[in-house]
Every structure is written in C-alpha cells, then in structure tokens.
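Enquirer: pasting the structure only:
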C-alpha cells in the first residue's frame, strides 16, 4: 500500500523529475562543450609547440651553416608513415614567396602557397593556414624570417586533429540518447525516494480518513532529514490526538457514570414521593434530596465549563491586587473546622508583603481545592504545611501534607478531568478539583507542580508570575 507510486499531471513528483532531468542533461551538455573546446585548444596548442620546436632546430642549423647546411639537412630527412613520429612540412622561400626548397611527406597533399601570397609573410603574421591542391585539407604553417630575403616555414596537416575532435563529437552524439534516458531514469528514481515520506504521509492520512484508525502511524525509516522530522511531528500529533480522544471518551464515560448516580437518586426520590400518599415530611425530604443532587450535577457541569474556558484562554479574570497571606488565612479559616474534626494540624509560614495581581475568587478557589485535597487524604493526627515566598519573578505557594500520597504511575494523570486514582475512590468527589486548579493557575500565566511519595505525603507547588 505504501509503495504505490503515481505521477498525475502537474504533481510535485513530475516537476522534480523534469527539473532533475533538465539539470542533468544540461549539465552533461555543458560538460561536453567544455571538454570539446578544451580538447580542441589543447590539441592545437600541442601541435603549435611541436611545430615551434621543429622550427627551432632548423633555425639553429641555419645559424650554424647557413642555407647550405639547412638544405642538406632537409634533404637527408626521412619521413616514416608508421613510425609514430610527428610529420612536418618544411619550406624555404624567398621574399617573393618563391619556393627555394620544399620537404613534404609523400602521403600528404601538396600545399597551394600561391593562395597565401598575401598572407603570413607580407602581414608579418607568424601563423597562417594554407589550403592544399584538390583535397579538402589545410596546413597550419608557422613562418619565421631567417634573413632579409629568406623565410622558413614549418607546418602540419590539421586533418588529424580535426579527425580526433570529430571522433570525440561523434561519440558524444552516440551517447546523447543514453544520457537523456539516464537523466529521466535518475530523476524518477531520486524523486521516488525523496517523496516516499510524503507518500507515506498521504497514505496514512487517507487510511485514517477512510477507516477512522487513529492508531495508524507514518513509517519514518532510516532517513535523517526534514521529511523524517515532518513524519515524526505528524506521528506525535497523531499520538496527542489519540490521547485527547481517549481522554474525551474516558471523560464522557466518567461524566455519564457520575451523572447516572445523582439522576438515579433523583428518580428514586421522585418515585418514593409518589408513593408517599401526600406525606408532607417525605415530600420535603424528597425535594431536599433532589435539590442536593441537582446542585451536585450543576457543580460538576460548571466546573467542567470553567476548566474548558481556562484551557482555551477564554476564562474571564477579575484582576485586582491580592494580598496572598490574607487570602490563604481566609481559606485556612474556612477549612479549620473540618481539619479539627480529623485532628489535622494546619501550619502556615506566610510572607505578609507578597502581593499578586490576580482574580481573587479564582485564586481562592484553586488554593481551597488544594487544601481540601490535603485534608481529605491526610489521616487523623496528620499535619499540613502552607508556605509562601518569592523566587525570582514568581510568587510561590507550597502546600505539603503527610497523607497517603500518590503512586508514581498516577502522578501525570492526576491533572486529567474526572480522573480518580485508586486511593481516592473511597473519598467522595468529582475528580475535577486538580484539573480546575491547573486551569486557573495557567489562566494566571503560572504553573503548578507536584511531588509525592506513596504513603508519605504530597507537595503541591504553585508558581504565579508577580512583581519582585
């Protein structure tokens, strides 16, 4: 399934193939032209060096023995067709371009020097090209004056060099089609490999849309590039979505379970009142139970709505200057009766000068939930310590108890909505308190941390940005 590969019109794959093939073919053409002209220049330079070297030998002979020695040496030269030696044409002429002496290999065509009468000598140009008689061959001639009336000319046929260059050009033309095919095939191959993570991504997304299997993941393979990072981030996003959906399902299950109990009680009370035969006491008791259960349902729904508003950043905060010590004293006074009933000591260590710009009611609600949890899960005779202090830019509120604690595997889950750990199921509650605390603190641009040891107690630490 993941290896399906199509090239519809105007896809990224088709565009990448086109551009890769075009760049490869154009680069090959540029490389050929560069090599072609470099080879042509190199051959010409090499031929000219050989001609100049031969010229130096003859000039040296002329300087030693004059025209007589030069003619004698030229007459003694034996040119071999298959010896592998370089062959040259050597001509000695006068100022009127009359040939005094001419040495030419037997297999070479005779040059037509008459067509070059107005060429190299009269213009004083050292290099010239002389055509041959009746054959489409050209000599490259190097001319050098030996005296005021003598000119020595040494040259070579250009046909050998041209044949080599033309052979090179013919070879390239023969491999042009393979180069084109290799360019297209290479473009298809590298595009196929480069876009494989995108195809995986597309196929995984299509599978999730078609089947709803959110557990599907994009294969990442052994690559280590931007597309692998994209696939990894996509998988991480799928994991978060899957966890969110799982949490929503669990939350809905918990809400349904928590709503079933009070609704069943309300229904039972209503049925009992219908069978009471107009007994006022039973009716009043039934109505009281219905109101109590209704309030419990409303509290749960309002808390869930508050958490949602805080998490989405829409919770309205009535910001004002809040004295932290006074606010915590109010909360401890509110819970002092419950703490005394369980014989739990609440100790405070508060800095009076700490102030915060915050929503007093919301902050009080968060601290009350933390203190309520501490009292609820601390056994009789226990102790709860509340401490406030300033650290850098944060006002810190720390609530420590020596209660039953939390299992390590449950610590990341205690902030989830409607989550109740194994130790907390024996206590009455909605499982929304800590979720609301986290949401309120985050709405104030702060955060809350917890550390706990099962059987020894827990420490909740609230960090809220404030003035130093």
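Expert: Great, that's in hand. If you're wondering where the values come from, they're calculated on a predicted model, not measured in any experiment.
Enquirer: who are the packing partners of the longest helix along the chain?
Expert: Longest helix in the chain, counting residues (DSSP state H): helix 12-76. The contact analysis (3 or more CB pairs under 8 Å, 6 or more residues apart in numbering; DSSP states H and E) places helix 12-76 against strand 89-94, strand 99-103, strand 138-145, strand 150-157, helix 159-194. Where C-beta positions appear, they are placed from N, C-alpha and C, glycine not excepted.
Enquirer: neighbours around the closest residue to residue 390 other than its chain neighbours, how many?
Expert: Excluding its sequence neighbours, the residue lying closest to residue 390 (CB to CB, 6 or more residues apart in numbering) is residue 354, at 6.3 Å. The local packing of residue 354 (other CB atoms under 10 Å) involves 19 other residues.
Enquirer: and the gap between the most centrally placed residue in the chain and residue 17?
Expert: For the chain, residue 226 is the residue whose C-alpha lies nearest the centre (CA atoms, centre = their mean; 2.6 Å). The gap separating residue 226 from residue 17 is 20 Å, by CB to CB, to the nearest Å.
Enquirer: for residue 401, same thing?
Expert: From residue 401 to residue 17 the distance is 67 Å (CB to CB).
Enquirer: residues near residue 445, how many?
Expert: Using other CB under 10 Å: residue 445 sits among 10 other residues.
Enquirer: ok, it touching residue 463?
Expert: No - using CB atoms under 8 Å, residue 445 is not in contact with residue 463; the gap is 9.7 Å.
Enquirer: tell me what residue 156 is bridged to.
Expert: Here residue 156 sits in beta bridges with residue 140, going by DSSP bridges.
Enquirer: residue contacts, it?
Expert: Contacts for residue 156 (CB atoms under 8 Å, 6 or more residues apart in numbering) come out as 47, 50-51, 86-89, 139-140.
Enquirer: what's the weakest-modelled helix or strand in this structure?
Expert: Of all helical and strand segments in the chain, the minimum by mean pLDDT, DSSP states H and E falls on helix 120-123, at a mean of 48.
Enquirer: report the next helix or strand after that helix in sequence order.
Expert: For helix 120-123, the following helix or strand on the C-terminal side (DSSP states H and E) is strand 127-131.
Enquirer: quick one: that next one to chain centroid distance?
Expert: 63 Å (CA atoms, centre = their mean, to the nearest Å).
Enquirer: could you give the mean pLDDT of it?
Expert: Mean per-residue pLDDT for strand 127-131: 80.
Enquirer: that one pairs with which strands?
Expert: Note on strand 127-131: by DSSP bridges, its sheet partners are strand 138-145 (antiparallel).
Enquirer: any chance you could list what contacts the partner strand?
Expert: Applying CB under 8 Å, 6+ apart, the external contacts of strand 138-145 come out as 47-48, 51-52, 55, 59, 89, 91, 111, 116, 120-121, 125-132, 151-159.
Enquirer: what's the mean pLDDT across it?
Expert: Here the average pLDDT along strand 138-145 is 84.
Enquirer: now that strand: buried residues?
Expert: Buried positions in strand 138-145, judged by neighbour count with 16 or more other CB atoms under 10 Å: 138-144.
Enquirer: again with stretch 285-304
Expert: Neighbour counts using 16+ other CB under 10 Å place 286, 289-290, 293, 296, 300, 303-304 of stretch 285-304 among the buried residues.
Enquirer: tell me which of the residues you listed fall in helices.
Expert: 286, 289-290, 293, 296, 300, 303-304.
Enquirer: ok, which pair from the buried residues of strand 138-145 is furthest apart?
Expert: Using CB to CB, the pair of the buried residues of strand 138-145 lying farthest apart is 138 and 144, separated by 19.7 Å.
Enquirer: okay, now the domains of the chain?
Expert: Domain segmentation of the chain under automatic domain parsing yields 29-164, 226-311, 319-465.
Enquirer: average pLDDT for the longest one?
Expert: What it means is domain 319-465. 84.
Enquirer: any idea how far apart the tips of it sit?
Expert: Domain 319-465 has an end-to-end distance of 13 Å (CA to CA, to the nearest Å).
Enquirer: any stretches of the stretch 151-300 of the chain with poor pLDDT?
Expert: 221-223, 247-248, 250-258, 276-279 (pLDDT under 70).
Enquirer: what's the following helix or strand after the helix or strand hosting residue 199?
Expert: Assigned by DSSP H and E, residue 199 falls within helix 196-211. Going down the chain from helix 196-211, the next helix or strand is helix 226-274, by DSSP H and E.
Enquirer: distance between that next one and the chain's centre?
Expert: On CA atoms, centre = their mean, the centre of helix 226-274 falls 35 Å from the chain's centre.
Enquirer: now do stretch 291-300
Expert: The chain centroid and the centroid of stretch 291-300 are separated by 51 Å under CA atoms, centre = their mean.
Enquirer: just the buried positions in stretch 263-274, please.
Expert: For stretch 263-274, the buried set under the neighbour-count rule, 16+ other CB under 10 Å, comprises 266, 269, 273.
Enquirer: just to revisit the earlier point, quick check, nearest of the buried residues of strand 138-145 to residue 40?
Expert: residue 140 (12.9 Å).
Enquirer: that closest one and residue 68: what is the separation?
Expert: Taken as CB to CB, the span from residue 140 to residue 68 is 28 Å.
Enquirer: next: residue 167.
Expert: Between residue 167 and residue 68 the computed distance is 44 Å (CB to CB).
Enquirer: same deal with residue 341?
Expert: Distance, residue 341 to residue 68, by CB to CB: 142 Å.
Enquirer: residue 32 contacts residue 173, doesn't it?
Expert: No - the pair residue 32 / residue 173 is not scored as a contact, 9.6 Å apart, by CB under 8 Å.
Enquirer: ok, which stretches of the stretch 301-450 of the chain are helices?
Expert: Taking DSSP state H, counting those that start in this stretch as the criterion, the stretch 301-450 of the chain carries its helices at 324-341, 360-376, 433-443.
Enquirer: can I get those in a markdown table with mean neighbour count and distance to residue 449?
Expert: Formatted as a markdown table, the helices of the stretch 301-450 of the chain follow (neighbours: other CB atoms under 10 Å; distance: least, CB to CB, whole Å):
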| stretch | mean neighbour count | distance to residue 449 |
| --- | --- | --- |
| helix 324-341 | 15 | 18 |
| helix 360-376 | 21 | 12 |
| helix 433-443 | 22 | 10 |
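Enquirer: so which of these comes closest to residue 97?
Expert: Smallest distance to residue 97 across these (CB to CB): 103.3 Å, for helix 433-443.
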